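A.B. asks: give me coordinates for this.
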Amino acid sequence: MSLMAKQQKAKAEEFISAAESKLQSKGWSMFSSKERDAEDAAEAYEKAANAYKVGGLHQEAGDAYMKAADLYRTKANSPTDASKCINNAATMYSKCNPAAAVDTYKQAIALYTDSGRIVQAAKLSKEVATIYETEQIDADGKSYVVLAMEAYEQASQLFEMENSKSQASQCLAKIAELCSAALTPPDYERAAQIYGDMGRRCLDSNLLKFNAKGHFLHSIMCVLARNDAVGAQQALAKFQSLDYTFADSREGKFAAQIVECVDGMDVEGFATACFEFDRITKLDPWKTSVLNNIRQLIADDDGGDDDDDDVDLT
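C.D. replies: Modelled structure (predicted):
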């Protein structure tokens, strides 16, 4: 333990001792009350938590914040301060104990929603999703991917309640990405629906309408990844009718090319279309993965022998 950590730990223990002393005080006077004592003790626990935080003792800091939160919530009648402390505790736990951070954030989300602080609850729901995704925490018989998708969905719904459409769309995009690239087996149907909906929503905004083409392309790719060439043709026609600029855009032309190649079981043409698209617009990992899956489907349908499960289309 570093010198600073030792110094801050000693400082924190003094504050904890002061908090415990306040809680053990008996009697009542005109200058004090149980509620006032609880509030003073909670403030002392907060100071202890801050000291632990400075010393890099994150678990101890989180525990102290939680003790403060419990007092604020149950004895000091201050739900706002309780929410703040629980949020701070979760932030500390996220540095050392991700599973505890998730549980703690969920408590803060409940308090924020109960008090009508919907945006704050949405932001924490998104944070929970990020922790599930990055730390790969499985729980309650569910995979981390499913848990992350559920948390992103909750965040999206909460953002939508407050008309934070951009934030809601970001969460929906994460759901589509996870269910098409991380979920086993992939749920391309859901991803295609989400991307299509996102594209339509973009068309309603002058600021976002140019993003619609990318979402429509993603949706068509997901339909193709389901081995549904007819559905992809229908989606292509629908998106062309919704957005008159889509057909002549790079995304629209590429979508039309790969739909035609899948329908004609043209593996070489598909690879060429991907190569040409990549020359101008670099294929990101998600597109590369999905396009490889589509290419494999064409090869399988054509009776080809393709031993490489991850063909480099670029």
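
A.B. asks: please parse the protein into its domains.
C.D. replies: As given by automatic domain parsing, the domain ranges for the chain are 1-100, 201-314.

A.B. asks: for residue 204, helix, strand, or coil?
C.D. replies: At residue 204 the chain is in coil, as set by DSSP: H, G, I helix; E, B strand; the rest coil.

A.B. asks: ok, now residue 180?
C.D. replies: With three-state DSSP as the basis, residue 180 sits in helix.

A.B. asks: switch to numbering from 537
C.D. replies: Got it, first residue is 537 now, which makes that one residue 716.

A.B. asks: return the residues in contact with it.
C.D. replies: 722, 723, 724, 727, 758, 761, 822, 826 (CB atoms under 8 Å, 6 or more residues apart in numbering). Using the backbone N, CA and C atoms, a C-beta is placed for each residue, glycine as well.

A.B. asks: one more time with 6 Å, if that's ok
C.D. replies: The contact partners of residue 716, by CB atoms under 6 Å, 6 or more residues apart in numbering, come to 722, 724, 727, 758.

A.B. asks: for these, which single residue is the most surrounded?
C.D. replies: Counting neighbours by other CB atoms under 10 Å, residue 758 leads the contacts of residue 716 with 30 neighbours.

A.B. asks: list the contacts of that one.
C.D. replies: Contacts of residue 758 by CB under 6 Å, 6+ apart are 716, 724, 727, 728.

A.B. asks: quick check: which element contains the third one?
C.D. replies: Put plainly, it is residue 727. helix 724-738 (DSSP states H and E).

A.B. asks: tell me the mean pLDDT for that helix?
C.D. replies: Helix 724-738 shows an average pLDDT of 97 in the prediction.

A.B. asks: repeat for stretch 651-663
C.D. replies: 97.

A.B. asks: which residues belonging to that stretch are considered buried?
C.D. replies: Neighbour-count burial for stretch 651-663 flags 653, 654, 656, 657, 658, 659, 660, 661, 662, 663 (criterion: 16 or more other CB atoms under 10 Å).

A.B. asks: still on that earlier bit, just checking, what packs against the helix holding residue 727?
C.D. replies: Here helix 724-738 touches helix 701-717, helix 748-761, going by 3 or more CB pairs under 6 Å, 6 or more residues apart in numbering; DSSP states H and E.

A.B. asks: tell me which of these lies nearest to residue 773.
C.D. replies: Taking CB to CB as the criterion, helix 748-761 is the member of the helices and strands packed on helix 724-738 that comes nearest to residue 773, at 10.5 Å.
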